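> sequence-free structure coming up:
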């Protein structure tokens, strides 16, 4: 219970920072943007890959704010549900994850159309795992870190496309067993500036 409260408090503080940074920083030139993407996520935990799929499609939506031409903050939400089987007993499993993220990034423009960005941030992962056949359920959450890079292509002043590559580090201990909720992800997305 203490860990859940600490995770919740950390995310509230981070979200408040995201909301108030734009009003504190006076040099805003680019403003807000929304990006929507889909990623192929591969968990780095061997047991997870045995029980579930090796790769999972994950939709994501982010809200970001450029407060200079290069520096920005970003907050996001992503989720997935996946079914699997226990390797030993062939029981049916179900995993449901909801991920909140908050971070900062740096964007470098190489030409009028092409740029590269790097992001570093925190993630809060809330998960529910169900063992359907035995009607057992485990709910918890953990905090982790994410490093991500995006290759961006500007279509116009309002719209851009990007390819992304990221790695998440997030672990939690369940019944004295350490579980890894992180891994590598690759995806495509669209930016809309306003």
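Here it is on my side, so go on. The shown structure was predicted, so the numbers you read here are calculated from the model rather than taken from an experiment.
> which SS state does the most far-flung residue of the chain relative to its centre fall under?
Distance from the C-alpha centroid of the chain peaks at residue 89, with 31.9 Å (CA atoms, centre = their mean). Following DSSP: H, G, I helix; E, B strand; the rest coil, residue 89 is assigned to coil.
> Quickly find the element holding the residue nearest to residue 182 when sequence neighbours are not counted.
Ranked by CB to CB, 6 or more residues apart in numbering and with sequence neighbours excluded, the top spatial neighbour of residue 182 is residue 168, at 4.1 Å. For every residue, glycine as well, the C-beta is placed using N, CA and C. Applying DSSP states H and E as the criterion places residue 168 in strand 159-169.
> and that strand, how far from the chain's centre?
10 Å (CA atoms, centre = their mean, to the nearest Å).
> which of the residues in that strand are buried?
160, 162, 164, 166, 168 (16 or more other CB atoms under 10 Å).
> quick one, what contacts the fourth one?
Counting by CB atoms under 8 Å, 6 or more residues apart in numbering, residue 166 touches 39, 119, 146, 147, 148, 149, 184, 185, 186.
> neighbours around the second one, how many?
Taking other CB atoms under 10 Å as the neighbour definition, residue 119 ends up with a count of 23.
> is it true that it touches residue 162?
No: judged on CB atoms under 8 Å, residue 119 makes no contact with residue 162 at a distance of 11.4 Å.
> quick one, helices of this structure?
In the chain, the helices defined using DSSP state H lie at 2-24, 46-51.
> Ranked by average pLDDT, which of those falls at the bottom?
Of all the helices of the chain, mean pLDDT reaches its minimum on helix 2-24 (a mean of 54).
> circling back: where do the contact lists of residue 119 and residue 162 overlap?
residue 150.
> which one among the buried residues of strand 159-169 gets closest to residue 97?
Nearest to residue 97 out of the buried residues of strand 159-169 is residue 168 (CB to CB; 11.1 Å).
> show me what contacts residue 146?
Contacts of residue 146 by CB under 8 Å, 6+ apart are 101, 103, 119, 120, 121, 122, 123, 166, 167, 168, 169.
> where does the last one sit relative to residue 111, distance-wise?
Using CB to CB, to the nearest Å, one gets 33 Å for the distance from residue 169 to residue 111.
> Likewise for the third one?
Using CB to CB, one obtains 21 Å as the distance from residue 119 to residue 111.
> do the fourth one as well
Plainly put, residue 120 is 25 Å away from residue 111 if you go by CB to CB.
> Of those two, which one has the most company?
Between residue 120 and residue 111, counted using other CB under 10 Å, the more crowded position is residue 120 (12 against 8).
> any idea how far that one lies from residue 100?
Taken as CB to CB, the span from residue 120 to residue 100 is 16 Å.
> Next: residue 60.
Residue 60 sits 11 Å away from residue 100, going by CB to CB.
> what do the two both touch?
Counting by CB under 8 Å, 6+ apart, the common neighbours of residue 60 and residue 100 are 76, 77.
> show me where pLDDT drops low in the chain?
Low-confidence segments of the chain (pLDDT under 70): 1-30.
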